[in-house]
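Student: Below are the sequence and a predicted model for it; my questions follow.
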Amino acid sequence: MKVKAGQVAVVTGAGGGVGRCLAKQLAAQGVNLALVDINPEALAGTQVAIAASGVKSTLHEVNITDLAQMEKLVEHVLAEHGAVNMLINNAGITMQKSFENHSIADWQRMLDINLWGVIYGCKLFLPALKEAASSHNNGGAHIINLSSMSAFIGLPMQSSYCTVKAGVNLLSESLYAELHDYGIGVTSVHPGAIKTDMIKATLGDSDNLEQAKKNFEFAQKTGVTPEHAAERIIDAIAKNRVRIRIGKDAVMLDVLKRWLPKLMLKPMINVYRKTK
């Protein structure tokens, strides 16, 4: 679908990182925004960052793992904006723990935020997206689901993250087929390392704090910028991509796993040994 002024985008995890960059770039194109995050101060910062664009922006402090809150979110967004053309399920967390040390609560948290949050968004906004897709006045609809290069291979110390991101990928593929005839595009986004603070949020929960800090520093040195990631995501909407990989690391991991699936798993043993 063509991204154009007057459309409405819902962006979760809009308080910082890729979410804030998406908001800024969409606002620059005249897209009105429903900004969603659990952190009200961060949301306010994003609103300030897009103020000069003159678009309408509304702030929604929402826990995306809470079904009742998500249902109210849909009501509030439609009441404020009247339509939804784009749903960008960007909010998420990561966790660096061995499977053995992952508690059931850890798994529940990961599933709730990174998978159920996406499912709730897609399910509850679907009627509004179908209506936008059928509209001849500024119509068009698209869903962006943030997966990861971690969906391509089971990484040690990230079993829960890999599991949910693989789920997001396959959910997106199913939706792409089911929603095609309604005119709703669906894209699964697979970034590699991005220079954001996402890892910081769960550093204290890591099995090996020193190694986790090194991973964060490595991502800051080698990752793509969140601005670049946002640019690629918006381009994927315009071109109705089924899937995009962001960063050379994501492309390389995907290709190697496809062509050398067994060989690619062997180095993971040494990666895990270094974390002990």
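Tutor: Everything's here; your move. Numbers count the residues shown, from 1 in each chain.

Student: And the closest residue to Q29 other than its chain neighbours, how far from N89?
Tutor: In this structure, Q29 finds its nearest non-sequential neighbour in V3, 5.7 Å apart by Cβ to Cβ, 6 or more residues apart in numbering. Where you see a C-beta, it was placed from the backbone N, CA and C, and this is true even at glycine. According to Cβ to Cβ, to the nearest Å, V3 stands 17 Å off from N89.

Student: So between those two, which is more surrounded?
Tutor: Neighbour totals were compared for V3 and N89, and N89 leads with 28 against 19 (other Cβ atoms under 10 Å).

Student: Just the pLDDT at that one, thanks.
Tutor: Among the per-residue scores, N89 holds a pLDDT of 98.

Student: what do you get for Q96?
Tutor: 85.

Student: isn't it right up against Q158?
Tutor: Yes: assessed by Cβ atoms under 8 Å, Q96 is found in contact with Q158 at 6.4 Å.

Student: which residues in this protein form strands?
Tutor: 8-12, 32-37, 57-61, 86-89, 141-146, 184-191, 243-246 (DSSP state E).

Student: Show residues contacting the biggest helix by length in the chain.
Tutor: Looking across the chain with DSSP state H, the single longest helix is helix 159-179. Residues outside helix 159-179 that contact it (Cβ atoms under 8 Å, 6 or more residues apart in numbering) are 89, 94-95, 97-99, 102, 106-107, 110-111, 114-115, 118-119, 122, 143, 145-148, 150-151, 153-155, 185-188, 190, 242-243.

Student: how far is it from where the chain is centred?
Tutor: Helix 159-179 has its C-alpha centroid displaced from the chain centroid by 12 Å (Cα atoms, centre = their mean, to the nearest Å).

Student: Tell me what angle that helix forms with strand 184-191.
Tutor: Computed with axes from the mean of the first three to the mean of the last three Cα atoms, to 10 degrees, the direction of helix 159-179 lies at 160 degrees from that of strand 184-191.

Student: buried stuff in helix 159-179?
Tutor: Neighbour-count burial for helix 159-179 flags 159-169, 171-172, 175-176, 179 (criterion: 16 or more other Cβ atoms under 10 Å).

Student: hang on, the earlier thing: can I have the buried ones of the contacts of helix 159-179 as a PyMOL selection?
Tutor: Applying 16+ other Cβ under 10 Å to these, the buried members can be selected in PyMOL as follows:
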select buried, resi 89+94+95+97+102+106+107+110+111+114+115+118+119+122+143+145+146+147+148+150+151+153+154+155+185+186+187+188+190+243
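
Student: Let me see the ranges of the helices in the stretch 1-150 of the chain.
Tutor: Taking DSSP state H, counting those that start in this stretch, the helices of the stretch 1-150 of the chain run over residues 17-28, 40-49, 67-81, 104-111, 117-134.

Student: Any idea which of these gets closest to L263?
Tutor: Closest approach to L263 among the helices of the stretch 1-150 of the chain (Cβ to Cβ): helix 104-111, 28.2 Å.

Student: Who are the packing partners of that closest one?
Tutor: helix 159-179 (3 or more Cβ pairs under 8 Å, 6 or more residues apart in numbering; DSSP states H and E).
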